[in-house]
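**Q** Curious how this folds, go ahead:
(chains A and B)
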There are 2 protein chains.
Amino acid sequence: MDSSPSRPENLAARLRQAFLDHGYEQMTMSGLAQLCGFSRRALYHHFSSKEEAFRYWLEFYNHESIARGIAAGRAAMEAGGGAVDVIVETMNVRYGDARRRLARSPHALEVNDQAFRRSRDIIIAVAIDFQAKVVDLLKELEARRQISLKPGVTFEALAQTLCDGARGTNQAVPPIPIDDLHLRYRQIIEAILFGAASAPAGTRGKRVRSSS
Amino acid sequence: MDSSPSRPENLAARLRQAFLDHGYEQMTMSGLAQLCGFSRRALYHHFSSKEEAFRYWLEFYNHESIARGIAAGRAAMEAGGGAVDVIVETMNVRYGDARRRLARSPHALEVNDQAFRRSRDIIIAVAIDFQAKVVDLLKELEARRQISLKPGVTFEALAQTLCDGARGTNQAVPPIPIDDLHLRYRQIIEAILFGAASAPAGTRGKRVRSSS
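**A** The predicted structure is shown next:
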């Protein structure tokens, strides 16, 4: 295998390690070059600034994480899993892996904060991309007769709700212990798909006009 | 009505306005005193630091917001609303009002960031308190035969899932336009309670052993 630091996947892996181990604010281009196995000049050949390197890492790994998440969902589908399994495996890779990796960094808070400040455009673009791929998964699940959407629910709205739910799980307060994360994804995804409760027929109250 | 700046609700209202209008980092105790209608000395009588004043505001309004949220849910219940109405009205006040107010501040990002840095303990304590109160609401809804929990679902787990879902909605990417927030709470809460989909009987795939 080509271990050249210039290969995109090698470069992204070294950048990730560098920022997770040392944080963003204290990092210099010289320090970053050293950690990536480059001369300072060679690093500047790739990136004009630390921010550009940081954004490159985020974009690379977000795309990689989406591809792996969807692949995990599809593997669960091929293994005969139901809709809950497919979506849980997808979310557990897409959102869980990043959360678990970040949890091991002494700079987790800072890196997360910097990501939202410096890469908001990337975060929004990859969220839209991922949601579109979840729509495709849901359509496949329907074609395989694993789910049937309730009246008024669209694939787009359901994908959005599932993503919001998984993201809300990542950001739960108090924070969810890393080892319970998978279980909590299952809890919210199972609920969103098939409901956590039922209402005795005819007893769902009349719809109250909202005050806002 | 007593408009003395020392009354807790007046003090909290002035602190809120001060931090939302001017942010945290640039604020001084002198500036804060002036905005609160105090002498600097009088402000120091209440708080030993800017951070203490900031935390006082956060704690005061979080408790107020929880009380108003639960009251809104109970009002929907008394008006004959179903479980979805009751929980949506609760979350729309508890999470929506803060989000809508913050959206009008030019310092929203900074204030939010500072809240998590300086008041994590308060945020966790009020989240636990709110969740316990949502458990009570759910039990009332069950007593009124508006919901019946599915096997294996506890009131505690359902309250947690509903709170994670509403919080995930607040932090959705791309951000939800303020005017759509209420609708999106309804979307995720209706799904969590009663499901967005159904599975034709007998076709829910076998449970796949998780890879993680």
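**Q** Chain A: helices as residue ranges?
**A** For chain A, the helices defined by DSSP state H cover A:8-22, A:29-36, A:40-46, A:50-78, A:83-91, A:97-103, A:108-118, A:120-143, A:155-170, A:181-194.
**Q** Pipe these into TSV and attach mean neighbour count, mean pLDDT and distance to chain B per row.
**A** For every residue, glycine as well, the C-beta is placed using N, CA and C. Output for the helices of chain A, formatted as TSV (neighbours: other C-beta atoms under 10 Å in any protein chain shown; pLDDT from 0 to 100; distance: least, C-beta to the nearest C-beta, whole Å):
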stretch	mean neighbour count	mean pLDDT	distance to chain B
helix A:8-22	17	93	19
helix A:29-36	17	95	25
helix A:40-46	14	94	28
helix A:50-78	19	97	5
helix A:83-91	28	98	4
helix A:97-103	16	93	9
helix A:108-118	16	90	6
helix A:120-143	17	97	4
helix A:155-170	23	97	2
helix A:181-194	24	97	4
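**Q** Including distance to residue B:128, could the ones you listed go into a markdown table?
**A** Shown next, in a markdown table, are the helices of chain A (distance: least, C-beta to C-beta, whole Å):
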| stretch | distance to residue B:128 |
| --- | --- |
| helix A:8-22 | 30 |
| helix A:29-36 | 40 |
| helix A:40-46 | 46 |
| helix A:50-78 | 31 |
| helix A:83-91 | 25 |
| helix A:97-103 | 21 |
| helix A:108-118 | 21 |
| helix A:120-143 | 29 |
| helix A:155-170 | 16 |
| helix A:181-194 | 16 |
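**Q** Residue B:45 is nearest to which of those helices?
**A** Nearest to residue B:45 among those is helix A:108-118 (33.5 Å), distances taken as C-beta to C-beta.
**Q** can you list the residues that contact that closest one?
**A** With contact meaning C-beta atoms under 8 Å, 6 or more residues apart in numbering or on different chains, helix A:108-118 is reached by A:19-20, A:23-25, A:51, A:54-55, A:58, A:102, A:105, A:123, B:109, B:113, B:117.
**Q** Over to stretch A:4-12?
**A** Residues from elsewhere that reach stretch A:4-12 (C-beta under 8 Å, 6+ apart): A:2-3, A:14, A:36-38, A:46, A:56-57, A:60-61, A:64.
**Q** What is the most widely separated pair among the residues you listed?
**A** The widest separation within these (C-beta to C-beta) is 21.2 Å, between A:38 and A:64.
**Q** and the contacts of stretch A:4-12 as JSON lines, adding distance to residue B:179?
**A** Output for these, formatted as JSON lines (distance: C-beta to C-beta, whole Å):
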{"residue": "A:2", "distance to residue B:179": "52"}
{"residue": "A:3", "distance to residue B:179": "52"}
{"residue": "A:14", "distance to residue B:179": "44"}
{"residue": "A:36", "distance to residue B:179": "45"}
{"residue": "A:37", "distance to residue B:179": "50"}
{"residue": "A:38", "distance to residue B:179": "49"}
{"residue": "A:46", "distance to residue B:179": "43"}
{"residue": "A:56", "distance to residue B:179": "36"}
{"residue": "A:57", "distance to residue B:179": "35"}
{"residue": "A:60", "distance to residue B:179": "35"}
{"residue": "A:61", "distance to residue B:179": "34"}
{"residue": "A:64", "distance to residue B:179": "35"}
